[in-house]
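**Student:** Attaching a predicted model along with its sequence, questions to come.
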Amino acid sequence: MEDEESNDSNIWELYGLKGNPFSINPIQVKSEKNDMPIEGFERFERIDRALDIITKRLKSESGTRTVVYGKTGVGKTSFVNYALHCVENKCVYAIVNVKHGWTTKEFINNTLSEIFNSLEKVLDKKTIKKRLQTYFKLLGYSVLNYASKLNLDDVKKIIGNNEKNSIPIDSTFLEDLFKSIAKQLYTEHGKKLIVVYDDLGNLNSEEGEKQIETIEDIFKSLRNGVFIESGAHFIFICDTKTNFILRGKQTIRDVLSKPSIFLREMNKDEIIDVIEHRIKVMRKEPEKSLKPLYENGVLELLYAIYRGNIRDTLDRLNSVFVSYASGKPITKTEVIENLKEETEGKLQELDISHKPKKEKEIINYLARSKKEKVKNGNIASKLKITNTEVKRYIEDLGDIIYQSETAKDIYWTLDPEIRWLIKNHYLTI
Ligand SMILES: Nc1ncnc2c1ncn2[C@@H]1O[C@H](COP(=O)(O)OP(=O)(O)OP(=O)(O)O)[C@@H](O)[C@H]1O
Ligand SMILES: [Mg+2]
């Protein structure tokens with residue numbers, strides 16, 4: 001593992017870089033040593049407009065509730081982190097990474113424990129302990145006995161996931177607690193409380209209905225006292241489907257600040273901008289000019305394959321460099337070779353050569369169709385099979401074909417890499 005890491009860092013040194021400019025992790029407000037620093041976040045015009053909306057909200061006196069949504073890997077988390085960076089000295093933020101299948105209670109407990117983690121950074125331990133005691137006293141809760149003996153870890157345990165010790169949390173308790181934390185932070189430290197939920201779509205369980213129920217229940221429990229009256233700012237990051245659910249329920253929609261922020265895939269110029277910016281930020285010696293990392297046309301080729309999905313674009317670049325980097329610019333041929341090799345491996349794992357003929361026909365049909373999203377019914381009539389058969393065949397093809405996210409009817413999209421390779425005759429199935 002260590003060897004691998006040092007090899008990796010040598011690759012970037014060959015080009016005069018101090019680290020990997022193509023890492024696919026979201027940019028953090030506070031980066032670790034080899035991560036892309038916050039300055040690596042590129043602000044192009046469209047992002048600037050969205051930033052303007054969200055930072056104005058985060059600086060406002062009264063509380064706000066902002067939804068940031070978009071497809072997977074378009075840059076939602078990095079965008080929100082950058083917004084937090086912009087208002088950092090005026091706020092205390094807590095980031096709650098929502099996990100699959102959480103119940104309302106888990107959602108609330110984790111919110112509280114993240115808030116206390118963040119308070120720890122702002123207030124010293126003694127103050128926070130006292131403050132906690134005050135909260136509990138203020139609220140007239142009998143947990144005071146606990147609180148006087150607590151150290152921070154215990155506090156986290158009590159308000160965190162530990163079912164056994166957890167305080168019975170009813171809605172008045174929560175509302176009072178939230179309001180007092182937010183108020184004291186503001187009056188005594190001049191800081192607003194920001195709570196970020198990343199990614200609300202993870203409330204999804206196997207059954208989609210369950211997700212809707214949980215989201216509704218969370219908003220029902222928290223909407224007035226916590227979301228609205230506490231004066232704190234809330235950011236909900238989610239995929240387009242979850243945003244659709246949020247907007248479909250009036251009681252939820254009413255709570256949300258308008259407009260929501262939609263991040264769409266980047267266009268070609270934006271992708272080029274972002275990648276070149278990331279490389280510049282990673283330069284070892286900023287005053288020296290860099291060795292070129294790729295030949296002309298490579299970014300355009302990646303755009304043709306990934307249609308502006310920045311995560312997928314970075315991921316491919318990373319993979320090409322790990323395989324071919326020699327200090328010379330990466331060529332288009334190398335990108336295609338690397339893509340082909342990986343895709344063939346994936347298809348072999350899927351045992352594609354032994355799949356029914358109809359399945360292969362579906363793949364080829366999707367690859368060659370003008371539109372990326374194709375209606376289930378269209379595939380059925382073209383291949384002279386039933387709607388149900390189409391679904392069954394596609395299910396058998398694992399994750400190389402996905403259901404698209406916003407449609408009322410069922411639409412299918414072929415994995416963009418396979419689509420591009422077949423379309424351009426680098427692959428036959
Ligand atoms: N404006 C930008 N400037 C520089 N890098 C960016 C920008 N936007 C996104 N990225 C990079 O793109 C990648 C994907 O971004 P991020 O993880 O924020 O997307 P996401 O929408 O939150 O994804 P997911 O849906 O999986 O949660 C990351 O490597 C991130 O650093
Ligand atoms: Mg994210």
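**Tutor:** That came through, no problem. Ligands and ions are numbered 1, 2, ... in the order given.

**Student:** ok, the residue in the stretch 101-250 of the chain that ligand 1 sits nearest to to Y365 distance?
**Tutor:** Closest residue of the stretch 101-250 of the chain to ligand 1, Cβ to the nearest ligand atom: D199 (5.4 Å). All C-beta atoms are positioned from the backbone trio N, CA, C, and that covers glycine. From D199 across to Y365, the span is 32 Å (Cβ to Cβ, to the nearest Å).

**Student:** same check, this time on Y411
**Tutor:** 13 Å.

**Student:** In terms of pLDDT, where does the residue of the stretch 101-250 of the chain closest to ligand 1 sit?
**Tutor:** D199 carries a pLDDT value of 93.

**Student:** Can you pull the phi/psi pair for the residue nearest to it when sequence neighbours are not counted?
**Tutor:** Spatial nearest neighbour of D199, chain neighbours left out: I237 (5.2 Å); criterion: Cβ to Cβ, 6 or more residues apart in numbering. Per-residue torsions, I237: phi -100, psi 130 (degrees, to the nearest 10).

**Student:** Tell me if I'm right that I237 and V80 touch.
**Tutor:** Yes - between I237 and V80 there is a contact under Cβ atoms under 8 Å: 5.9 Å.

**Student:** Now the common contact residues for these two.
**Tutor:** Counting by Cβ atoms under 8 Å, 6 or more residues apart in numbering, the residues touching both I237 and V80 are V68, V196, D198.

**Student:** Return the members of the residues you listed classed as buried.
**Tutor:** The neighbour-count test (16 or more other Cβ atoms under 10 Å) marks V68, V196, D198 as buried among the shared contacts of I237 and V80.

**Student:** Tabulate those residues (CSV), appending secondary structure.
**Tutor:** What follows is these, written out as CSV (DSSP: H, G, I helix; E, B strand; the rest coil):
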residue, secondary structure
V68, strand
V196, strand
D198, strand
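
**Student:** Let me have those in TSV, extended by distance to V98.
**Tutor:** Below are the buried ones among the shared contacts of I237 and V80 laid out as TSV (distance: Cβ to Cβ, whole Å):
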residue	distance to V98
V68	13
V196	10
D198	7
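
**Student:** I237: what's it in contact with?
**Tutor:** Taking Cβ under 8 Å, 6+ apart, we find I237 in contact with V67, V68, Y69, K76, T77, V80, V196, Y197, D198, D199, L200.

**Student:** State the number of residues packed around Y82.
**Tutor:** The tally of other residues near Y82 (other Cβ atoms under 10 Å) stands at 23.

**Student:** Where does it fall, secondary structure wise?
**Tutor:** Secondary structure from DSSP states H and E places Y82 in helix 76-86.

**Student:** show me the contacts for F262.
**Tutor:** Y69, G70.

**Student:** Just the pLDDT for it.
**Tutor:** pLDDT, F262: 98.

**Student:** Relative to F79, how far out is it?
**Tutor:** Per Cβ to Cβ, F262 is found 11 Å from F79.

**Student:** And for G308?
**Tutor:** Taking Cβ to Cβ, one finds G308 at 15 Å from F79.

**Student:** ok, those two, which is more surrounded?
**Tutor:** Between G308 and F79, counted using other Cβ under 10 Å, F79 has the larger neighbour count: 23 against 17.

**Student:** so the more buried one sits right up against R49, yeah?
**Tutor:** No - contact criterion Cβ under 8 Å: F79 and R49 do not qualify, at 11.8 Å.

**Student:** what residues are up against the residue of the chain found nearest ligand 1?
**Tutor:** When scored by Cβ to the nearest ligand atom, the chain has G75 as its residue closest to ligand 1, at 2.8 Å. Listed by Cβ under 8 Å, 6+ apart, the contact partners of G75 are L263, M266, I310, R311.

**Student:** same check, this time on E285
**Tutor:** So E285 contacts G16 (Cβ under 8 Å, 6+ apart).

**Student:** still on that earlier bit, from the buried ones among the shared contacts of I237 and V80, which is closest to V374?
**Tutor:** Nearest to V374 among those: V68, at 29.2 Å, using Cβ to Cβ.

**Student:** Okay, and the beta partners of that closest one?
**Tutor:** Note on V68: beta-bridge partners I237, I261, judged by DSSP bridges.

**Student:** any idea how far it is from E216?
**Tutor:** V68 is 20 Å from E216, by Cβ to Cβ.

**Student:** With S319 instead?
**Tutor:** Taking Cβ to Cβ as the measure, S319 and E216 are separated by 41 Å.

**Student:** Name the helix or strand of the protein that has the lowest mean pLDDT.
**Tutor:** helix 144-149 (a mean of 39; mean pLDDT, DSSP states H and E).

**Student:** just to revisit the earlier point, for D199 and Y365, indicate the residue with more neighbours.
**Tutor:** When neighbours are counted by other Cβ under 10 Å, D199 and Y365 differ, and D199 comes out ahead with 20 against 16.

**Student:** For that one, grab phi and psi.
**Tutor:** phi -120, psi 120.

**Student:** Wait, it touches T240, no?
**Tutor:** No - using Cβ under 8 Å, D199 makes no contact with T240, being 11.8 Å away.

**Student:** Tell me which helix or strand comes right after the host helix or strand of R392.
**Tutor:** Taking DSSP H and E as the definition, one finds R392 inside helix 387-396. Going down the chain from helix 387-396, the next helix or strand is strand 401-403, by DSSP H and E.
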